[in-house]
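Visitor: pasting the sequence and the predicted coordinates here, then a few questions.
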Amino acid sequence: MTKNWLVLATALFAIACNDKGDDTGGTTGDGGTTGDGGTGDGGTAALTLDCAWGGGGLDVVLTNGDSAGYNFGLAETNGDPQAWTGEDCYLGYLANDGTLYDYCHPLSASGGFLTTVGSLDEIVEGSTTIHSAALENTYYLEEVSTGSCWTWGDDTSYYGGLGCTDVGGPCTGE
């Protein structure tokens, strides 16, 4: 699925993931990567991201991902102080009873699938989420080995204090 933001994200990921810090990640216009990854000058293959709601959850697909893996967060960012942020990998959600919900979903080098569930007690990090495409979602991805991070979605200013690269639009299906 080709999105304008995905092309931008690919270019930004190429810069962030390239050993030389330049933009020689070898990306193509369709959000994929070329076979050589731009390695002619010592660069590495560009990380690409694709995410889509469907099949009962969220599918996050990473190409050329870091073998150390990723932390993935989602926050409902509709401006309501009671919006669900308990899976954001950042601030969490403080319930009225004093319970702090602070989930962060680990992803492999190739990504992962989060099945949408109907209640908080069904959330399992890296497996299930209470989020759905119907919410105003903002997303966060952090590379475990480097701490580099990216945000996209409804209101990326939610993660503004983390110094992440804003890569634009929503996941497909929103």
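Guide: That came in fine, so what should we check first?

Visitor: quick one: low-confidence ranges for the chain?
Guide: 1-43 (pLDDT under 70).

Visitor: switch the cut-off to 80
Guide: Counting by pLDDT under 80, the chain shows low-confidence ranges at 1-44.

Visitor: tell me where it has strands.
Guide: Using DSSP state E, the strands of the chain run over 48-54, 57-63, 70-76, 93-94, 100-101, 105-107, 111-116, 128-129, 137-143, 149-153, 165-166.

Visitor: need the ones you listed in JSON lines with mean neighbour count, can you?
Guide: Backbone N, C-alpha and C define where each C-beta goes, glycine included. Formatted as JSON lines, those follow (neighbours: other Cβ atoms under 10 Å):
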{"stretch": "strand 48-54", "mean neighbour count": "20"}
{"stretch": "strand 57-63", "mean neighbour count": "20"}
{"stretch": "strand 70-76", "mean neighbour count": "25"}
{"stretch": "strand 93-94", "mean neighbour count": "16"}
{"stretch": "strand 100-101", "mean neighbour count": "13"}
{"stretch": "strand 105-107", "mean neighbour count": "20"}
{"stretch": "strand 111-116", "mean neighbour count": "18"}
{"stretch": "strand 128-129", "mean neighbour count": "22"}
{"stretch": "strand 137-143", "mean neighbour count": "25"}
{"stretch": "strand 149-153", "mean neighbour count": "23"}
{"stretch": "strand 165-166", "mean neighbour count": "16"}
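
Visitor: CSV for the ones you listed, including distance to E122?
Guide: Output for the strands of the chain, formatted as CSV (distance: least, Cβ to Cβ, whole Å):
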stretch, distance to E122
strand 48-54, 18
strand 57-63, 12
strand 70-76, 15
strand 93-94, 15
strand 100-101, 12
strand 105-107, 14
strand 111-116, 9
strand 128-129, 6
strand 137-143, 18
strand 149-153, 23
strand 165-166, 31
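
Visitor: hmm, G118 is touching T128, no?
Guide: No. With contacts counted by Cβ atoms under 8 Å, G118 stays clear of T128, the gap being 9.9 Å.

Visitor: tell me what the residue nearest the centre of the chain is bridged to.
Guide: Geometric centre of the chain, nearest residue: L141, 3.7 Å, by Cα atoms, centre = their mean. Counting by DSSP bridges, L141 is bridged to F72, W150.
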